[in-house]
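S.K.: Need the 3D shape of this:
(one chain, ligands or ions: 2)
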Amino acid sequence: MPLNICLQCSHPFQALRPTARFCSNACKQKAYRTRHRVPPFAGHCLHCGIILFCPRTNQKFCSNKCRQAEYRHNKKDDHPEA
Ligand SMILES: [Zn+2]
Ligand SMILES: [Zn+2]
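M.R.: Numbers count the residues shown, from 1 in each chain. Ligands and ions are numbered 1, 2, ... in the order given. Below is the predicted model:
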């Protein structure tokens with residue numbers, strides 16, 4: 001019988017089924033909880049409106065691209081580019 005590698009603790013274990021991915025129910029539940037842990041909701045990107053999941057609650061944009069786009073948009077009237 002082949003040994004499988006537990007996806008949670010990385011220990012080899014004797015798999016009862018070839019599809020088994022975890023050495024125990026404890027590892028299975030731990031992996032499940034980790035995978036489904038919901039990150040803190042931080043808001044929406046002020047430019048594209050995508051939902052931001054980030055521990056930094058003061059984050060306003062999903063990416064530098066959006067931040068720069070919004071910055072340019074806001075500054076367009078004050079400082080027109082040449
Ligand atoms: Zn395990
Ligand atoms: Zn965005």
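S.K.: How about His11: what's its closest non-neighbour residue?
M.R.: Distances taken as C-beta to C-beta, 6 or more residues apart in numbering put Cys23 closest to His11, at 5.7 Å, once the chain neighbours are dropped. Any C-beta I mention is one placed from the backbone N, CA and C, and that applies to glycine too.
S.K.: Pretty sure the one you found sits against Phe13.
M.R.: Yes: applying C-beta atoms under 8 Å as the test, Cys23 and Phe13 come out as touching, 3.7 Å apart.
S.K.: higher neighbour count, the two?
M.R.: Cys23 (20 against 16; other C-beta atoms under 10 Å).
S.K.: Can you tell me the element the more buried one falls in?
M.R.: When secondary structure is defined by DSSP states H and E, Cys23 falls outside every helix and strand.
S.K.: got the contact list for it?
M.R.: By C-beta atoms under 8 Å, 6 or more residues apart in numbering, Cys23 lies in contact with 4, 6, 8-9, 11, 13.
S.K.: how many other residues sit next to Pro12?
M.R.: Residues contacting Pro12 under the criterion other C-beta under 10 Å number 11.
S.K.: now the strands for the chain?
M.R.: Listed in chain order, the strands of the chain (DSSP state E) span 3-5, 12-14, 41-44, 51-53.
S.K.: Could you export those strands as CSV, including mean pLDDT?
M.R.: Conversion of those to CSV gives the following (pLDDT from 0 to 100):
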stretch, mean pLDDT
strand 3-5, 90
strand 12-14, 92
strand 41-44, 79
strand 51-53, 82
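S.K.: who wins for proximity to ligand 1 among these?
M.R.: Of all the strands of the chain, strand 12-14 sits nearest to ligand 1, with 6.7 Å by C-beta to the ion.
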